[in-house]
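Participant: Okay, predicted coordinates and the sequence, questions at the end:
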Amino acid sequence: MTLQAVILDVDGTLVISNDAYAQAWVEAFTMFGFEIQFEQVRLLIGMGGDRVIPKLVPELSDEEGKGKEIADKRKELVLNKYSSTLTPANGARQLVAKMQDDGLRLIIASSATNEELSLLLKVAQVDDLLQEATTSSDTEKSKSAPDIVEAALSKLKMSPEEVVMLGDTPYDIKSAKAVGVDVIAFRCGGFDDYQLAEAIAIYNDPADLLAQYENSPITKK
């Protein structure tokens with residue numbers, strides 16, 4: 001079946017942000033008396049706060065009490081402190097423009113909040129190109145649950161065979177595969193090929209995929 005659409009993760013895929021997000025989590029936890037190591041959080045980046053918080057401190061939830069305060073503080077730190085450290089992934093805008101020129105429909109599937117997503121799209125220099133999105137506000141569970149990818153498919157009104165997803169974490173791959181969507185993965189999110197092994201193809205970053213575009217799953221599917 002011919003490829004009709006591409007689902008796009010943003011953090012780590014179009015924006016180099018994963019280390020900054022992990023540092024924001026460490027700082028937020030520290031402010032509330034929890035000593036969390038950077039390496040502990042870094043492995044979980046790609047999941048939403050609803051999963052990160054109880055994995056690190058099982059008695060907490062992002063919906064109430066200290067857990068919610070930590071989640072809110074992390075968001076504040078990302079928007080007000082760490083946003084200045086974020087940079088676009090190499091080739092992000094050029095790849096998005098190329099896929100649009102090829103007539104592919106593009107939709108975002110991100111665990112970010114709407115406010116964070118607005119910032120990220122500006123950093124990636126694609127805020128004028130991408131309008132359709134599913135975010136944490138559209139679903140009950142974040143990645144690695146399939147909810148966000150399911151929501152994107154629902155908005156597209158397409159079958160999984162007509163779609164591919166671009167992502168950078170094993171959680172992108174797990175969530176997409178749960179609903180039958182193949183994933184093309186990027187290494188620029190900081191995960192290695194072993195962690196990304198279930199992707200149908202792995203590239204260094206958007207520029208690398210663009211350089212090999214004509215022989216990539218985007219044109220071959």
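Facilitator: Perfect, thanks for sending it. Only a predicted model underlies this, so the values are computations on that prediction, with no experimental measurement involved.
Participant: Mind listing what's buried along the longest helix seen in the chain?
Facilitator: Ranked by residue count under DSSP state H, the longest helix found in the chain is helix 65-80. The neighbour-count check on helix 65-80 (16 or more other Cβ atoms under 10 Å) flags 66-67, 70-71, 73-75, 77-78 as buried. C-beta: built from backbone N, CA, C; applies to glycine.
Participant: next one: stretch 18-32
Facilitator: Within stretch 18-32, the residues that count as buried by 16+ other Cβ under 10 Å are 18-26, 28-29.
Participant: Next step: those residues restricted to helices.
Facilitator: Members of those lying in helices (criterion: DSSP H): 18-26, 28-29.
Participant: domain parsing for the protein?
Facilitator: Listed domain ranges for the chain are 5-17+86-220, 18-84 (source: automatic domain parsing).
Participant: Looking at those, which one is packed in the most?
Facilitator: Relative to the other members of the domains of the chain, domain 5-17+86-220 carries the highest mean neighbour count by mean count of other Cβ atoms under 10 Å, namely a mean of 20.
Participant: TSV for the ones in helices among the buried residues of stretch 18-32, including pLDDT?
Facilitator: Shown next, in TSV, are those (pLDDT from 0 to 100):
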residue	pLDDT
Asn18	95
Asp19	96
Ala20	96
Tyr21	95
Ala22	96
Gln23	97
Ala24	97
Trp25	97
Val26	97
Ala28	97
Phe29	96
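Participant: Could you dump those into TSV with distance to Asp62 added?
Facilitator: As requested, these are arranged in TSV below (distance: Cβ to Cβ, whole Å):
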residue	distance to Asp62
Asn18	19
Asp19	21
Ala20	19
Tyr21	14
Ala22	16
Gln23	18
Ala24	14
Trp25	11
Val26	16
Ala28	11
Phe29	12
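Participant: Out of the buried residues of stretch 18-32, which is nearest to Glu162?
Facilitator: If you rank those by distance to Glu162 using Cβ to Cβ, Asn18 comes first, at 29.0 Å.
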